[in-house]
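**Student:** Next comes the sequence, and after it the predicted model I'd like to discuss.
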Amino acid sequence: MSAHAQGNNANTSATSSDAGDSGTKGMPLVHAVNVMKSFHDVQVLKGIDMDVRKGQVICLLGPSGSGKTTFLRCINQLETIDGGRIWVDGELMGYEDRGGTLHRLNSKAIAAQRREIGMVFQRFNLFPHKTTLENIMEAPIQVKGEKKSEARDRALALLERVGLLDKPSAYPSQLSGGQQQRVAIARAMAMQPKLMLFDEPTSALDPELVGEVLAVMRELANDGTTMIVVTHEMSFAREVADHVVFMDGGVVVEQGDPKSVINNPQHARTKSFLSRMQAEPQAVEHVPASLEEAIIAVEIPRPGGELFIPVEHFPEEDE
Amino acid sequence: MSTPSTTDRPGLIEARPVRHPWRWVAIAVIALLVAMLANMVVTNPAWDWGFVFKAMVQSPVLRGLYVGTLLTTVLAMAVGIAGGVLTAVMRLSDNPILSGVAWVFTWFFRGIPRYVLLFTMGTLGILFQKGLGLGIPFDWKIQELLGISGSWRFATLDANALFAGLFGAVLGLGLSEAAYMSEIARAGILSVDKGQSEAAEALGMSSGKSMLRIVLPQAMRVIVPPTGNETIAMVKDTSLLIALPLTTELFFQLQAIGSRTYKVFPAAVAASIWYLFITSILMVGQFYLERHFGRGFGQKKPKNKRFARAAGMGGA
């Protein structure tokens, strides 16, 4: 299951030193240099460099508290960085450089920058007072000013893509966790972002629901979506990522090709983290190749004889 | 019902319930008290029920009910809810000027008793003895500096009539209510998970849009129940309007009838019945309103307890 058609990146190994001040031309989609962030007195990010090229899938690995999530949130400015610079598609995030002096962007300009970046949260964060379809249509209509019919068509296409075409009018509380996360992915994709950020998208899910979300993410990756994924699912890092970055204590400890980092870690901290991860039971052995496969996989007859179908099992609907 | 049970496997439980002898004692005592009360209500001539029901439907009383009680409640609550939500949003804003203004507003209007506030409101006319002019601020000063003359005012209103009338009533009660509603709305907004506004902002929504479309609709679930209580309290507080003085108001009119006819007690009973009637209707309305806003949130049924709680509270 290791071979996957990607074909969009001959330049897998990302290094940050070469881009420098060469301007927007030839700059990777995400270009982060010496990113620093402190919460009160605790420095969470101690100078992170990272480049992500268009179409690449990057996995951020590392123990909790290593700064992975914080770094992800800094990219779309849910956190304001204290030092360093982040460019997305050649645009400096949060500031305007006027002749060497940085000017803070106003909230309107920051909102415009965020439009280009989709984010999927650990706890889904769907809007509970809106249906599935309304959740997906909300931002295209309200932010981009799209026509309702246009937004609706794309929302339905996205629902089909995440395998939930049968649930356009369900409220989030009527969906399983896996279904909610798939809606959340569709909601982020509806803005047609240049970059997708995933913040531990499967950590809040029951193990049997992890596969369906990973399968959707794999399909997005195969379609050439640029993705940065914070995850503890080693199978996803191994099989889907083009590049993995191991973080610990606010610094990048080790990075490179998934197979070489995961199978043959060089750094002691990477080794101990990976051996701990291997000791823990993983939700999925392999990332399902497709959503259909993921959903069939959980319909395995149990030893007792009854069919175990957690995907279709959601809380009973309100009267 | 009877699954085959062998001797060693216990079957269905058929136990004696716990006895509650004191409940029967309580029922007896209450029954006695109710009987005494009923006897007094029927036989004591001071109740004068005929007068009570006649007084309740006198046309000045009904006019007072419509204008001073019901209309003022509706308008003051509209001002209070709109002002309260606005102040709450301002309070939670990153803008220190907005949050400062909101804090001062709440501090001022929460600190003054409603009766005193209404009394003061009614005397505000003294500040504008030449009338309340609407126009360009400091116009006389500007005209003096430029050496020109003329009127830069669009309208001049009679401040005495304005502040001591329905406008003053709605403004006084509404602003006071806004200060309380501000705290209620703030609690409602803070009760919405932070992930909601983060998700909205990650989609590129402005913070205003995120508040209006994502956070406030969810905050309503928390805001509505105490707002029902506030509305019920507002109905009762309209009886303070005599402080303005606004006389087209239920309690004042009944009191006036009572003192003119020397039947003060039946008039007070008439007023109490009217207030109980209105607040009871509002409680039923609140029950359905809460059920509406609880939908879509994975809450199966609104608990009936809420109705009881609404009925039990409502002071101020």
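**Tutor:** Nice, thanks for sending it over.

**Student:** what's the residue of the stretch 101-250 of chain B found nearest chain A in contact with, if anything?
**Tutor:** As assessed by CB to the nearest CB, chain A sits closest to residue B:204 within the stretch 101-250 of chain B, at 3.3 Å. Quick note: C-beta positions are derived from backbone N, CA and C, even for glycine. Counting by CB atoms under 8 Å, 6 or more residues apart in numbering or on different chains, residue B:204 touches A:111-112, A:114-115, A:139, A:143, A:191.

**Student:** Can I get those residues in CSV including distance to residue B:124, neighbour count and pLDDT?
**Tutor:** CSV is the format used below for the contacts of residue B:204 (distance: CB to CB, whole Å; neighbours: other CB atoms under 10 Å in any protein chain shown; pLDDT from 0 to 100):
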residue, distance to residue B:124, neighbour count, pLDDT
A:111, 43, 20, 95
A:112, 47, 15, 95
A:114, 48, 24, 96
A:115, 49, 19, 95
A:139, 48, 25, 96
A:143, 45, 19, 95
A:191, 52, 22, 96
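
**Student:** Now do the strands in the chain.
**Tutor:** Using chain A. Per DSSP state E, chain A carries strands over the ranges A:30-39, A:42-52, A:57-61, A:83-88, A:91-92, A:95-98, A:101-104, A:117-120, A:195-199, A:227-230, A:243-248, A:251-256.

**Student:** Please refer instead to chain B.
**Tutor:** Using DSSP E, the strands of chain B run over B:132-135, B:153-157.

**Student:** pLDDT at residue 176, what is it?
**Tutor:** Went with chain A since none was named. On pLDDT, residue A:176 comes in at 94.

**Student:** Chain B was what I was after
**Tutor:** Model confidence at residue B:176, given as pLDDT, is 97.

**Student:** Please tell me I have it right and it contacts residue B:112.
**Tutor:** Yes - checked against CB atoms under 8 Å, the pair residue B:176 and residue B:112 is within contact range at 7.4 Å.

**Student:** out of these two, which sits in the busier spot?
**Tutor:** residue B:176 (25 against 16; other CB atoms under 10 Å in any protein chain shown).

**Student:** tell me the contacts of that one?
**Tutor:** Taking CB under 8 Å, 6+ apart as the criterion, residue B:176 is in contact with B:80, B:109-110, B:112, B:114, B:117.

**Student:** same deal with residue A:41?
**Tutor:** Not one residue lies near residue A:41 by CB under 8 Å, 6+ apart.

**Student:** What's the separation between it and chain B?
**Tutor:** As for residue A:41, its distance to chain B is 22 Å (criterion: CB to the nearest CB, to the nearest Å).

**Student:** Surely residue A:79 is in contact with residue A:70?
**Tutor:** Yes - with contact defined as CB under 8 Å, residue A:79 counts as touching residue A:70 (6.1 Å).

**Student:** related to what we said a few turns ago, okay if I get the contacts of residue B:204 as CSV plus distance to residue A:291?
**Tutor:** What follows is these, written out as CSV (distance: CB to CB, whole Å):
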residue, distance to residue A:291
A:111, 32
A:112, 33
A:114, 28
A:115, 27
A:139, 23
A:143, 28
A:191, 21
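
**Student:** Chain B next: which of those are close?
**Tutor:** Counting by CB under 8 Å from any CB of the partner chain, A:111-112, A:114-115, A:139, A:143, A:191 from these sit close to chain B.

**Student:** Compute the number of surrounding residues for residue 149.
**Tutor:** Here I'm looking at chain A. 8.

**Student:** think we crossed wires, I meant chain B
**Tutor:** By other CB under 10 Å, neighbour count at residue B:149 equals 8.

**Student:** Look up the closest residue to residue B:63, ignoring the ones flanking it.
**Tutor:** Once flanking residues are discounted, residue B:63 sits nearest to residue B:248: 5.8 Å by CB to CB, 6 or more residues apart in numbering or on different chains.

**Student:** and that neighbour, what does it touch?
**Tutor:** By CB under 8 Å, 6+ apart, the residues touching residue B:248 are B:60, B:63-64, B:67-68.

**Student:** about what we covered before: just give me the closest of the contacts of residue B:204 to residue B:191.
**Tutor:** residue A:139 (23.5 Å; CB to CB).

**Student:** coming back round to it: including mean neighbour count and mean pLDDT, could the strands of chain A go into a markdown table?
**Tutor:** Shown next, in a markdown table, are those (neighbours: other CB atoms under 10 Å in any protein chain shown; pLDDT from 0 to 100):
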| stretch | mean neighbour count | mean pLDDT |
| --- | --- | --- |
| strand A:30-39 | 19 | 96 |
| strand A:42-52 | 20 | 95 |
| strand A:57-61 | 27 | 96 |
| strand A:83-88 | 19 | 95 |
| strand A:91-92 | 16 | 94 |
| strand A:95-98 | 12 | 92 |
| strand A:101-104 | 10 | 93 |
| strand A:117-120 | 26 | 97 |
| strand A:195-199 | 24 | 97 |
| strand A:227-230 | 26 | 97 |
| strand A:243-248 | 24 | 96 |
| strand A:251-256 | 20 | 95 |
